[in-house]
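Asker: okay, predicted coordinates and the sequence, questions at the end:
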Amino acid sequence: MANAERTQPVLTARGAGLVGCAECGHVYPLNTKACTVCGSRLVSRDAASLQRVWAWLFAGMVVYIPANVYPMLRTTTFGKTSESTIVGGVFELMEHGSYGIAFIVFFASVIIPVSKFIAIAYLAWRVQRGKPGTSSHFHLYEVVEFIGRWSMIDVFVVAILSALVQLNFVASIHPGIAAVSFALSVAFTMVSANSFDPRLIWDAPEGQKV
Amino acid sequence: MAYHTGMTDSLSDMIACPKCDALHRVPQVEMGEQARCVRCGTVLMAPREGAMTRIVMLSMTALILMVAAVFFPFLELSVQGLGRKSSVFDAVLAFSDGLMLPLSFAVAALIVVLPITRFLALIYVFAPMALGWAPAQHARSVFKLAEHIRPWAMAEVFIIGVAVALVKVAGLAQVTLGPAFWAFVGLVIITVLKDNFMCRVTVWQTLNARSPS
């Protein structure tokens, strides 16, 4: 990829021989260990963070598989039990004619998680290849970090439905095992995105000082 | 170059963007205005008139609403003469049988425990300062905790989940919204308002300036 929209060179704290606190922004000489203002550990670039990012990301992807294969909801109406998976639930909503809600559920439980996997992997891969990023890469990171928690919607839907629909013989809804693995998948990818040190996105490789 | 280091500048006059490490001089920002990072646009400073008082007030309101939201009936379902009331507490217990017990704890943490912890933490940090006193003894570590909890406090996500669940049930039975539902909606609005008043770097600057060292 060509750097079509290369940003203006900016003096970074590292470029000036300083280290900035990732929590509160205060700057110190490069070898300072801890921030005196907020007590955070000072690291100019948390390169080890990439390992954590990959580890949590893979964990998130692995548990996302059972989340889609196993049933999310077990509905019993008049003695008949039916099970529905995440995608099955979306189709059910569409049959009822609630296209808007079907779209929200599909967006929150399929599109967001999958695009998060791709986006985090892409950003981490770029950093490892030493490609300096632009503001659009940073905005991608911001979006991923912001949107992750909204995937929990489906877990809450299952919780509310199971609590509400308990009418003995007439109708009852129970959570399926996929709810657990889906919740884990969302949590793991959130940890993965939170471990990413966004300052790495901007850096040029060594020797090509900006 | 956005900035030239000179021998006359002291480190406390500078600030590094927490998101992209760009170095800035600590800007002089008027009340109600914002200073953004030149490179990535992250808000660096955003002082607001009476921000601390408002954060404390909103957190207290949110706490009261949360108590109401947890214990009053949340939704009521009725079909063919059968009725069932459920509270937020029931939603938490939905996963309480067998293997899914840990998920019950997780849901409780995400929608009740972590939001409450965050409100209490913010009151602890800002109430003394809003009254013009020095920050509380552990204000720094408590504020750091509040910031770490932030992505995990999911009250607003829960509300959207309720909306989706209502549509799913609507065909099957009649659903009535209980008082707790409205308390929860109020809670979400207040949380969003409160977070708009807070700028992390500004808070740290203030905490630093007001602490007796």
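Answerer: Looks like it arrived, so ask away.
Asker: so how far is B:V164 from the closest residue to chain B within chain A?
Answerer: Nearest to chain B in chain A, going by Cβ to the nearest Cβ, is A:G20, at a distance of 2.4 Å. Using the backbone N, CA and C atoms, a C-beta is placed for each residue, glycine as well. A:G20 is 42 Å from B:V164, where distance means Cβ to Cβ, to the nearest Å.
Asker: compare the two (neighbour count), which wins?
Answerer: Neighbours were tallied for A:G20 and for B:V164 using other Cβ atoms under 10 Å in any protein chain shown; the higher tally belongs to A:G20 (29 against 24).
Asker: list the contacts of the closest residue to the more buried one other than its chain neighbours.
Answerer: Excluding its sequence neighbours, the residue lying closest to A:G20 (Cβ to Cβ, 6 or more residues apart in numbering or on different chains) is B:A16, at 2.4 Å. Shown in contact with B:A16 (Cβ atoms under 8 Å, 6 or more residues apart in numbering or on different chains): A:12-13, A:18-21, A:25-27, B:22-24.
Asker: what's the weakest-modelled helix or strand in the chain?
Answerer: Defaulting to chain A. strand A:166-167 (a mean of 74; mean pLDDT, DSSP states H and E).
Asker: sorry, I should have been clearer: chain B.
Answerer: In chain B, no helix or strand scores lower on mean pLDDT, DSSP H and E than strand B:82-86, which sits at a mean of 77.
Asker: tell me which residues are up against the longest helix along chain A.
Answerer: Scanning chain A for the helix with the most residues, using DSSP state H, yields helix A:49-69. Here helix A:49-69 makes contact (Cβ under 8 Å, 6+ apart) with A:85-87, A:113, A:117, A:120-121, A:124, A:127-128, A:177-178, A:181-182, A:184-186, A:188-189, A:191-193, A:195-197, A:200.
Asker: if we go to 6 Å?
Answerer: Applying Cβ atoms under 6 Å, 6 or more residues apart in numbering or on different chains, the contact partners of helix A:49-69 are A:86, A:117, A:120, A:124, A:178, A:181-182, A:184-185, A:188-189, A:191-192, A:195-197.
Asker: give me the buried subset of those.
Answerer: With burial judged by 16 or more other Cβ atoms under 10 Å in any protein chain shown, the buried subset of the contacts of helix A:49-69 is A:86, A:117, A:120, A:124, A:178, A:181-182, A:184-185, A:188-189, A:191-192, A:195-197.
Asker: isn't the residue of chain A closest to chain B right up against A:A13?
Answerer: Yes. Using Cβ atoms under 6 Å, A:G20 is in contact with A:A13, at 3.9 Å.
Asker: mutual contacts of those two, please.
Answerer: By Cβ under 6 Å, 6+ apart, A:G20 and A:A13 have these common neighbours: A:27, B:16, B:21.
Asker: quick one: buried residues of the longest helix along chain B?
Answerer: Secondary structure of chain B per DSSP H: the longest helix is helix B:51-71. Residues of helix B:51-71 classed as buried: B:51-52, B:54-63, B:65-66, B:69-70 (neighbour count, 16+ other Cβ under 10 Å).
Asker: tell me where chain B has helices.
Answerer: Counting by DSSP H, the helices of chain B are B:51-71, B:88-93, B:101-108, B:114-130, B:139-149, B:155-170, B:179-196, B:200-210.
Asker: show the pLDDT at B:M7.
Answerer: Note on B:M7: pLDDT of 41.
Asker: ignore what I typed, I meant A:Y122.
Answerer: Note on A:Y122: pLDDT of 93.
Asker: are we agreed that it is in a strand?
Answerer: No. Going by DSSP: H, G, I helix; E, B strand; the rest coil, the assignment for A:Y122 is helix, not a strand.
Asker: give me the number of residues near it?
Answerer: Look at A:Y122: counted by other Cβ under 10 Å, it has 13 neighbours.
Asker: over to the one 10 residues further on?
Answerer: Neighbouring residues of A:P132 were enumerated by other Cβ under 10 Å; the total is 17.
Asker: tell me the SS of it?
Answerer: Using three-state DSSP, the structure places A:P132 in coil.
Asker: ok, what's across the strand from the closest residue to chain A within chain B?
Answerer: Closest contact between chain B and chain A, by Cβ to the nearest Cβ, is at B:A16 (2.4 Å). Beta-bridge partners recorded for B:A16 (DSSP bridges): B:L23.
Asker: give me the pLDDT for it.
Answerer: If you check B:A16, the pLDDT there is 89.
Asker: do A:G39 as well
Answerer: For A:G39, pLDDT reads 82.
Asker: give the contact list for it.
Answerer: Applying Cβ under 6 Å, 6+ apart to A:G39 gives no contacts.
Asker: need phi/psi at it.
Answerer: With angles defined as degrees, to the nearest 10, A:G39 sits at phi 80, psi 10.
Asker: in helices, which of the contacts of helix A:49-69 fall?
Answerer: Those of the contacts of helix A:49-69 lying in helices (DSSP H): A:86, A:117, A:120, A:124, A:178, A:181-182, A:184-185, A:188-189, A:191-192, A:195.
Asker: tell me which two of those residues sit farthest apart.
Answerer: Farthest pair in the ones in helices among the contacts of helix A:49-69 (Cβ to Cβ) is A:A124 and A:A178. Separation: 27.1 Å.
Asker: gap between the two ends of stretch B:14-32?
Answerer: 21 Å (Cα to Cα, to the nearest Å).
Asker: buried set for that stretch?
Answerer: Across stretch B:14-32, burial judged by 16+ other Cβ under 10 Å covers B:14-24, B:26.
Asker: between those residues, which sits nearest A:S109?
Answerer: B:K19 (28.6 Å).
Asker: show me what contacts the closest one?
Answerer: In this structure, B:K19 makes contact with A:198, B:40, B:42, judged by Cβ under 6 Å, 6+ apart.
Asker: in space, what's closest to the second one - neighbours in sequence excluded?
Answerer: Right, B:C40. Leaving aside its sequence neighbours, B:C40 sits nearest to B:C20 (Cβ to Cβ, 6+ apart; 4.3 Å).
Asker: could you do the last one as well?
Answerer: Of all residues not flanking B:T42 in the chain, B:K19 sits nearest, at 4.6 Å (Cβ to Cβ, 6+ apart).
Asker: flag the shaky bits of chain A, pLDDT-wise.
Answerer: Within chain A, the stretches with pLDDT under 70 are A:1-8, A:168-169, A:204-210.
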